[in-house]
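> Structure here, sequence nowhere to be found:
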Ligand code: CMC
């Protein structure tokens with residue numbers, strides 16, 4: 001029999017079913033709370049609220065563990081590829097060779113955008129942020145594929161999923177090309193996923209571009225590390241928007257906007273801008289750390305802190321090492337990397353950061369790699385979006401497969417005016 005907890009409110013006692021996940025997380029099921037007691041719960045920021053049961057991603061923030069579908073992130077990072085991880089997240093198992101061939105082939109043949117997308121990009125200002133352009137273009141995909149938008153039709157879902165994964169790199173690269181007036185490149189479907197993205201970004205019709213295998217490997221690794229992170233802000237957005245039964249493209253477009261914010265994926269751009277400002281203003285790392293601690297200053301040490309990780313972020317550990325390796329292989333000496341390491345060393349010994357359990361997160365070193373390979377800072381978060389895409393899709397698919405799925409609709413505690421008479425304009 002399911003275990004229950006008792007909740008006493010005044011002289012009423014109710015039983016709350018207790019749930020336990022496969023890794024031992026415990027939850028109280030309060031879904032009958034309002035119906036039985038008239039009360040709701042308050043949890044600003046949802047720090048204590050489980051919005052779903054999910055089999056996709058497991059995080060233990062105290063021990064610094066991250067697993068996709070049961071596989072440790074360290075194993076996936078060192079032994080897998082981004083498309084293999086995408087398959088794993090979406091379909092639940094590691095693919096067989098023929099499944100991976102089919103998946104990769106299907107992604108490859110959908111990389112091209114409808115020619116009319118060029119007009120969509122051309123209508124945007126040159127300095128449009130790529131995240132705004134990506135979100136607009138992904139939303140616009142729904143206008144080009146009106147016959148495959150039904151989230152209840154498995155064939156339509158499959159084609160939309162493959163189109164989405166195939167086209168986001170093309171969309172992101174077009175946003176970049178538009179920003180400085182270079183012609184859009186056609187995808188080269190003979191190239192692997194990441195190499196094709198680099199070609200779309202850095203080739204032009206007048207010059208050959210051969211993606212450097214070191215860079216391809218580094219980006220593939222970064223995409224794997226970003227691929228899912230359970231119910232974070234953008235993923236919860238994709239689920240919430242998707243729960244209205246809207247199509248996949250609309251839900252992903254909303255997720256891209258959520259990711260853009262500087263407290264979430266936008267932090268990777270902010271980190272590199274922070275490092276560059278420290279360098280350019282001749283500040284010491286110590287001086288900046290003092291600023292980030294001060295209550296009179298709004299600066300935060302960007303790339304530090306996490307809602308869930310309170311020990312270390314395993315992604316940051318992998319990226320820090322990759323950063324050293326990639327820069328050494330490319331022969332790049334980065335002053336920004338030196339500053340980042342100084343900041344980390346000082347912050348990790350500082351009582352303010354120690355007491356609040358603030359450690360480097362996934363965004364702290366990723367920008368140094370993107371920067372070293374020539375990616376402009378305002379494209380960093382678009383790369384995060386390409387990485388997070390299979391996670392968003394997997395969570396959207398899982399939600400639609402849940403027989404108990406309901407539209408997401410939180411409650412509130414109203415604290416405004418009580419009913420009052422309307423005063424006509426001439427009497428105010
Ligand atoms: N620098 C300085 N102080 C910080 C920082 C930071 N990076 N992060 C948190 N704090 C302080 C904060 O001021 C607060 O102090 P106090 O208790 O004195 O008021 C305390 O630590 C708790 O912060 P919080 O904002 O209540 O914590 P949270 O769990 O709601 O926020 C966070 C988590 C990631 C939004 C926050 O740590 C932050 O803003 N970090 C910088 C932005 C960043 O790197 N974001 C990327 C997150 S990882 C990738 C992703 O999810 O996209």
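Perfect, thanks for sending it. Everything numeric here is computed off the predicted structure, so don't read it as measured data.
> if you skip the residues just before and after it, what's nearest to the residue of the stretch 201-350 of the chain found nearest the ligand?
The nearest approach of the stretch 201-350 of the chain to the ligand comes at residue 305, 2.2 Å away (C-beta to the nearest ligand atom). Using the backbone N, CA and C atoms, a C-beta is placed for each residue, glycine as well. With sequence-adjacent residues excluded and distances taken as C-beta to C-beta, 6 or more residues apart in numbering, residue 305 is closest to residue 358, at 4.3 Å.
> give me the number of residues near that neighbour?
20 (other C-beta atoms under 10 Å).
> Tell me both backbone torsions, phi and psi, for it.
As for residue 358, its main-chain torsions (degrees, to the nearest 10) stand at phi -100, psi 120.
> what residues are up against it?
Taking C-beta atoms under 8 Å, 6 or more residues apart in numbering as the criterion, residue 358 is in contact with 301, 304, 305, 347, 352.
> Then residue 62?
310, 311.
> Thought residue 360 was touching the residue of the stretch 201-350 of the chain closest to the ligand, still the case?
No - counting by C-beta atoms under 8 Å, residue 305 does not reach residue 360; the two are 9.1 Å apart.
> of the two, who's got more company?
A count of neighbours by other C-beta under 10 Å puts residue 360 above the other of residue 305 and residue 360, at 26 against 20.
> which ones are touching that one?
By C-beta under 8 Å, 6+ apart, the neighbours of residue 360 are 303, 304, 312, 313, 316, 320, 344.
> who's it bridged to?
residue 304 (DSSP bridges).
> got a pLDDT number for it?
Reading off the confidence values, residue 360 has pLDDT 93.
> related to what we said a few turns ago, closest one of the contacts of residue 360 to residue 147?
The closest of these to residue 147 turns out to be residue 313 (C-beta to C-beta; 41.8 Å).
> So that closest one is in contact with residue 357, correct?
No - counting by C-beta under 8 Å, residue 313 sits too far from residue 357 to count as a contact (11.2 Å).
> neighbour count winner among those two?
Between residue 313 and residue 357, residue 313 has the larger neighbour count (other C-beta under 10 Å), namely 27 against 14.
> need the contact list for that one.
Residues in contact with residue 313 (C-beta under 8 Å, 6+ apart) are 64, 306, 359, 360, 361, 362.
> same deal with residue 271?
Residues in contact with residue 271, defined by C-beta under 8 Å, 6+ apart, are 302, 303, 340, 363, 364, 366, 367.
> Could you tell me which residues of the chain lie near the ligand?
45, 232, 263-265, 267, 292, 300-307, 356, 358, 361-363 (C-beta under 6 Å from any ligand atom).
> Buried ones among those residues?
Burial by neighbour count, 16 or more other C-beta atoms under 10 Å: within those this picks out 232, 264-265, 267, 292, 300-306, 358, 361-363.
> still on that earlier bit, taking the contacts of residue 360 one by one, which sit in helices?
Counting by DSSP state H, the part of those found in helices is 316, 320, 344.
> Confirm for me that the last one is in contact with residue 361.
No - Residue 344 lies out of contact with residue 361 (C-beta under 8 Å); the separation is 11.2 Å.
> from the contacts of residue 313, which single one is nearest the ligand?
residue 361 (3.8 Å).
> ok, that closest one touching residue 267?
Yes - if you go by C-beta under 8 Å, residue 361 and residue 267 touch, sitting 7.5 Å apart.
> Residue 87 and residue 66: what is the separation?
Distance, residue 87 to residue 66, using C-beta to C-beta, to the nearest Å: 18 Å.
> What's the first helix or strand after the lengthiest strand in the chain?
When the chain is parsed with DSSP state E, its longest strand is strand 12-20. Note on strand 12-20: by DSSP states H and E, the next helix or strand toward the C-terminus is strand 26-28.
> got a list of contacts for that next one?
Applying C-beta under 8 Å, 6+ apart, the external contacts of strand 26-28 come out as 5, 16, 17, 18, 19, 20, 21, 50.
> I figured the fifth one was touching residue 29, is that so?
Yes - counting by C-beta under 8 Å, residue 19 does reach residue 29; the two are 5.8 Å apart.
> max-length helix in this protein?
The longest helix of the chain (DSSP H) is helix 154-179.
> thinking again about what came up before, lowest-confidence entry in the ones in helices among the contacts of residue 360?
residue 320 (91).
> tell me the contacts of that one?
Residues in contact with residue 320, defined by C-beta under 8 Å, 6+ apart, are 360, 364, 365.
> The helix or strand in which the last one is found - contacts with which helices or strands?
Remark: residue 365 resides in helix 363-372, with elements defined by DSSP H and E. When contacts are defined as 3 or more C-beta pairs under 8 Å, 6 or more residues apart in numbering; DSSP states H and E, helix 363-372 packs onto helix 213-226, helix 267-280, helix 314-330, helix 335-349, helix 380-401.
> any idea which of these is most buried?
Mean neighbour count (mean count of other C-beta atoms under 10 Å) peaks for helix 380-401 among the helices and strands packed on helix 363-372, with a mean of 25.
> ok and that helix relative to helix 154-179, angle-wise?
Using axes from the mean of the first three to the mean of the last three C-alpha atoms, to 10 degrees, the direction of helix 380-401 lies 170 degrees away from that of helix 154-179.
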